[in-house]
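Asker: can't give you the sequence, but here's the structure:
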């Protein structure tokens, strides 16, 4: 029987420091390391995984370079958490016409619980019988209605979210996911298309029927690649442009 590494076989899985890294990423994705508490020390991790302390250090060094963890001298190593500084423009790519980046404000129109659609189930890897929370909101930028958002979340990952009053939802949802549900969004994959404004866009964005808009379909993922949010944003780009810094 092969020697095991957490929940996966150790033999043939690549360098040990990479195995440590993957094991820690799984634990973080499962919420086993709260962002408010430091990770176990290198010495404790080395003992738990049965490797040299230098192997653990190399794994944490790589995670730090990838902004997955952050090290504070004298305090320890922490999961790189969402917060106002990190979230400021990390996941928001609309640029004002004058070239200045500004954060939008949000108004929640509705929040409901329902059965997942076939398209949503495929995007979020859910069963056809799964329940989801649907959030619909308008985001204003520079005192203008700019974005109409539809956000779909797996109900079992966010227990109790659908019972909240819509006024309890913050402007930055990813910090809510992290702080209340231990779900940390690490990356997002976006598909961008051009579309014509429909009835909802006329009502909520004040556009003319058929006016051009930008449709952004985003799937947000945790550290281990699990999809946790489907977000469809319909954007009035009359005074805005999509900007992404591809470093």
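Answerer: Thanks, I have it. All values derive from a computational prediction rather than experimental measurement. Residues are numbered from 1 along each chain as shown.

Asker: lowest average confidence, helix or strand, in the chain?
Answerer: Lowest on mean pLDDT, DSSP states H and E among the helices and strands of the chain sits strand 8-9, with a mean of 36.

Asker: after that strand comes which helix or strand?
Answerer: Per DSSP states H and E, the first helix or strand lying C-terminal to strand 8-9 is helix 16-29.

Asker: same for that following helix, what does it pack against?
Answerer: On a contact count with 3 or more C-beta pairs under 8 Å, 6 or more residues apart in numbering; DSSP states H and E, helix 16-29 meets helix 42-49, helix 53-65. For glycine as for every other residue, the C-beta is placed from the backbone atoms N, C-alpha and C.

Asker: the helices in this protein, which residues?
Answerer: 16-29, 42-49, 53-65, 84-90, 118-124, 173-181, 199-205 (DSSP state H).

Asker: identify, out of the helices and strands packed on helix 16-29, the most deeply packed stretch.
Answerer: Using mean count of other C-beta atoms under 10 Å, the stretch among the helices and strands packed on helix 16-29 with the largest mean neighbour count is helix 53-65, at a mean of 18.

Asker: angle of that helix against helix 42-49?
Answerer: Taking axes from the mean of the first three to the mean of the last three C-alpha atoms, to 10 degrees, helix 53-65 and helix 42-49 form an angle of 110 degrees between their directions.

Asker: give the contact list for the residue nearest in space to the middle of the chain.
Answerer: With distances taken as C-alpha atoms, centre = their mean, the residue of the chain nearest its centroid is residue 185 (2.7 Å). By C-beta atoms under 8 Å, 6 or more residues apart in numbering, the contact set of residue 185 is 82, 91, 174, 177-178, 220-222, 228-229.

Asker: go again with 6 Å.
Answerer: With contact set as C-beta atoms under 6 Å, 6 or more residues apart in numbering, residue 185 has these partners: 174, 220.

Asker: ditto for residue 186
Answerer: So residue 186 contacts 222-223 (C-beta under 6 Å, 6+ apart).

Asker: and it, how far from residue 63?
Answerer: Taking C-beta to C-beta, to the nearest Å as the measure, residue 186 falls 11 Å from residue 63.

Asker: ok, residue 158 - how many residues close by?
Answerer: 19 (other C-beta atoms under 10 Å).

Asker: look up the closest residue to it, ignoring the ones flanking it.
Answerer: Counting by C-beta to C-beta, 6 or more residues apart in numbering, residue 181 is the residue found nearest to residue 158 once chain neighbours are left out, at 5.2 Å.

Asker: and residue 141, bridged to which residues?
Answerer: When assigned by DSSP bridges, residue 141 has beta-bridge partners residue 144.
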